[in-house]
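Engineer: This is a predicted model, with the sequence first.
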Amino acid sequence: MPLLNQIQEDIKSALRNQERLKLITLRMLVAAIQQKEIDTREKITEDGILAIIEKQVQLRKEAAEQYQAADRLELFEKENEEANILKLYLPEKLDDQAMVTIIENTIASVGAKTIQDMGQVMSALKNQSQGRIDMKLASTIVKNLLVK
């Protein structure tokens, strides 16, 4: 089942089961997907939907950190719960060793030798990761491997 259809079915289920936070979170996600389609004027792909979900999870994590720093624990918990709901739609993240292997292979295939080639490596990684790689961590690993 396509991801967008699964999200819409889960909205219906959350509505029936009166899961308010899940319902609100998924509706915001669908709105973000629709906004992206309007902005780009083309139908969004599965990879595009995964990118939007990753972005939404990241936004919630950043907001949670800010709420925790401001000692607003109820809002901190809400943002974390929303992030956890959205994470259910993302593919399983690769472990560190598998990620390093993929990064090393990508560096070799791109022919990267210096830190100036980092953009090419990151672009290739993003295209092949399909949401399975933490790009922030990957950036650090790529930087370390290219500096050597």
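Structural biologist: Arrived safely. Predicted, not measured: the structure shown is a model, and the values here were computed from it. Residues are numbered from 1 along each chain as shown.
Engineer: now for the longest helix anywhere in the chain, which elements pack on it?
Structural biologist: Ranked by number of residues, the top helix in the chain under DSSP state H is helix 46-69. Contacts defined by 3 or more Cβ pairs under 8 Å, 6 or more residues apart in numbering; DSSP states H and E place helix 46-69 against helix 3-16, helix 20-40, helix 73-87. Every residue, glycine included, has its C-beta placed from N, CA and C.
Engineer: let's see it at 6 Å
Structural biologist: helix 20-40, helix 73-87 (3 or more Cβ pairs under 6 Å, 6 or more residues apart in numbering; DSSP states H and E).
Engineer: Just give me the residue right at the centre of the protein.
Structural biologist: Glu54 (1.6 Å; Cα atoms, centre = their mean).
Engineer: Tell me the confidence at the nearest residue to that one once chain neighbours are set aside?
Structural biologist: What sits nearest to Glu54 in space, not counting adjacent residues and going by Cβ to Cβ, 6 or more residues apart in numbering, is Gly131, at 5.9 Å. What the model reports for Gly131 is a pLDDT of 70.
Engineer: residues near Asp117, how many?
Structural biologist: 15 (other Cβ atoms under 10 Å).
Engineer: correction: Leu59
Structural biologist: 15.
Engineer: measure it to Thr45 for me?
Structural biologist: Going from Leu59 to Thr45 by Cβ to Cβ, to the nearest Å gives 21 Å.
Engineer: cool, and Asp96?
Structural biologist: Relative to Thr45, and taking Cβ to Cβ, Asp96 is found at 28 Å.
Engineer: OK, contacts around Asp10?
Structural biologist: Contacts for Asp10 (Cβ atoms under 6 Å, 6 or more residues apart in numbering) come out as Leu26.
Engineer: actually Ile33, not the one I typed
Structural biologist: Ile33 sits in contact with 49, 52, where contact means Cβ under 6 Å, 6+ apart.
Engineer: go with 10 Å
Structural biologist: 3-4, 7, 44, 48-49, 52-53, 56 (Cβ atoms under 10 Å, 6 or more residues apart in numbering).
Engineer: For the residues you listed, point out the one with the lowest pLDDT.
Structural biologist: Lowest pLDDT among the contacts of Ile33: Gly48, 88.
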